[in-house]
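J.: build the 3D model from these lines:
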Amino acid sequence: MADAFAFSISTTRFDEDYSPSEDSRITTNFANLAQGEHRRQNLRNALMMIDRRFNDLADWDNPDGDRYTVELDIVSAHLDFAAEGGDRTFPLLEVLDIQIVDRQTGTRRHGIVGNNFSSYVRDYDFSVLLPAAGGGAAGPAVPDGFGDLHGKLFQHFLDSDAYRERFPQSPVVCISVSTSRTYRRSANRHPILGVEYLQDGASALTDEYFGKMGLRARYFMPRGSVAPLAFYFRGDLLNDYTDLQLIGTISTMETFQKIYRPEIYNANSAAPAVYRPSLGEEDCSRTEIAYDREERSRLASTQGKYTEEHFITPHRDLLEQWAGNAPAPVA
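T.: Numbers count the residues shown, from 1 in each chain. Here you go, the predicted structure:
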C-alpha cells in the first residue's frame, strides 16, 4: 500500500499577471480575486497591501518603510495513483509560499509555506459529507471518522519526499477566528505575533479537523491588527520560525482576511478583551478589491461533488485500505 500513490508539486507565480489554471480550485481565495474586469487591479492592490503591512511590522533598520517586498508562489500538490485507469492524478491541495526580498541587501529569504490553504477533500468533507449527515438545533451531526482521510493524506504529504525536498520547515496555516466561539485576551505577548487570545469552551469543528491534520491552534493579534488570527502549526510556532518569516505570514493572511472578512479584520475598532467575532458587524471599512464571498460558498459544494466523483468514488477501496493502515495523525 505504501506505493499506491505518490505526490507531485508544481508552482505558479502569484502576481498581477496571475490567471487560475484549469485545475486550480475556483473557490481558492487568490483565484477568486483574479476574475472579472478589475482582476489586475485587484491583484496589484492586494500585493501592495501585503508589502505595506510587512514593512510596517519589520520596522527596524527600515526608516522609509520600503525595505522589503514579498513574492508569492501558489504551490499545487497533486496525488498521483500508481494504478492504471482514469482519474490517475488528482489536485489534492493548494497553498501559498512566501519569498522575502530585502531590497537593501539583495538577500532573498524563504518565508513560511501554508498561507491560504485550500483542499478539494476538505470541500467534500464540509460541503457533501457533513450536510448529508443532517443535524439539529445544536448544530450539524458529525459523521464517524470525519476528517480522518483528509488528515492522514495531509500528514503523508508533509512527510513525503516531494514536500521535504522543497520545504525545510513545517507549514503554518493562518485563517480567521471562528464566529461561533468567544476569545479572551491573555497576558502573553509575543514581539511579532502580538497579544495571545485564548478560546473559550470546547474546540470548534475546524480546530478538530485541523487536529486530525496534526496541527494545533493558537490565536494572536499582532500590533496594528484589529482582531486575532488563528495559527495552525506543528512544533513550536513561537520559536521554530524567524521574525521575518512570521511577519510574512501575518502580512499575507491579514491582507486576504481584510478583503474577504472586512467585518472582522477591517473593523473600525479593535477586538476587546472578551471578543466574539461577527460577520454581521457594520462598523468596518471595505477594501476596493472585489471579492465574491457568495460565489465562493456556492462553488465549494460544486467542488465537493467533483471530488466525490473523481477521487472518493473511483478510489474508495484503495483509500479506505490505505487509511486503515496509515498511522493516525497526532496534533
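J.: Asn115 and Glu94 touch, don't they?
T.: No - the criterion here is C-beta atoms under 8 Å, and Asn115 misses it with Glu94 at 10.3 Å. Using the backbone N, CA and C atoms, a C-beta is placed for each residue, glycine as well.
J.: more neighbours, those two?
T.: Using other C-beta atoms under 10 Å, the more surrounded residue of Asn115 and Glu94 is Asn115, with 27 against 23.
J.: hey, what's the more buried one bridged with?
T.: Leu96 (DSSP bridges).
J.: mind listing what Gly304 touches?
T.: Tyr120, Asp123, Tyr124, Asp125, Phe126, Ser127, Val128, Leu129 (C-beta atoms under 8 Å, 6 or more residues apart in numbering).
J.: how about Gln257?
T.: Applying C-beta under 8 Å, 6+ apart, the residues near Gln257 are Ser176, Leu229, Ile264, Tyr265.
J.: list the buried residues for the helix or strand in which it is found?
T.: For Gln257, the element it lies in under DSSP states H and E is helix 243-260. Across helix 243-260, burial judged by 16 or more other C-beta atoms under 10 Å covers 244-260.
J.: tell me the one of the contacts of Gly304 nearest Ser269?
T.: Phe126 (31.1 Å; C-beta to C-beta).
J.: okay, now the closest one: neighbour count?
T.: 21.
J.: and for Ala273?
T.: For Ala273, the count of nearby residues is 10 (other C-beta under 10 Å).
J.: report pLDDT for it.
T.: pLDDT, Ala273: 98.
J.: please enumerate the helices of the stretch 51-200 of the chain.
T.: Residue ranges of the helices in the stretch 51-200 of the chain, as given by DSSP state H, counting those that start in this stretch, are 120-124, 130-132, 148-158, 161-166.
J.: ok, which of these comes nearest Glu288?
T.: Minimum separation from Glu288 across those (C-beta to C-beta) falls at helix 120-124, 28.8 Å.
J.: for the closest one, what is the average pLDDT?
T.: For helix 120-124, the mean pLDDT works out to 93.
J.: what sits up against it?
T.: 25, 27, 90-93, 149-150, 153, 209, 300-301, 303-308, 311-312.
J.: just the buried ones from those?
T.: The buried subset of the contacts of helix 120-124 - by 16+ other C-beta under 10 Å - is 25, 27, 90-93, 149-150, 153, 209, 300-301, 303-304, 306-308, 311-312.
J.: could you check how far the nearest residue to Ser285 once chain neighbours are set aside is from Tyr260?
T.: With C-beta to C-beta, 6 or more residues apart in numbering as the criterion, Ser285 has its nearest non-adjacent residue at 5.0 Å, and that residue is Asn266. According to C-beta to C-beta, to the nearest Å, Asn266 stands 10 Å off from Tyr260.
J.: got it, and Arg40?
T.: Counting by C-beta to C-beta - Arg40 and Tyr260 are separated by 19 Å.
J.: swap in Ile175?
T.: Ile175 is 11 Å from Tyr260, where distance means C-beta to C-beta.
J.: need the buried ones from the contacts of Gly304 selected in PyMOL.
T.: Remark: buried members of the contacts of Gly304, expressed as a PyMOL selection using 16+ other C-beta under 10 Å:
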select buried, resi 120+123+124+125+126+127+128+129
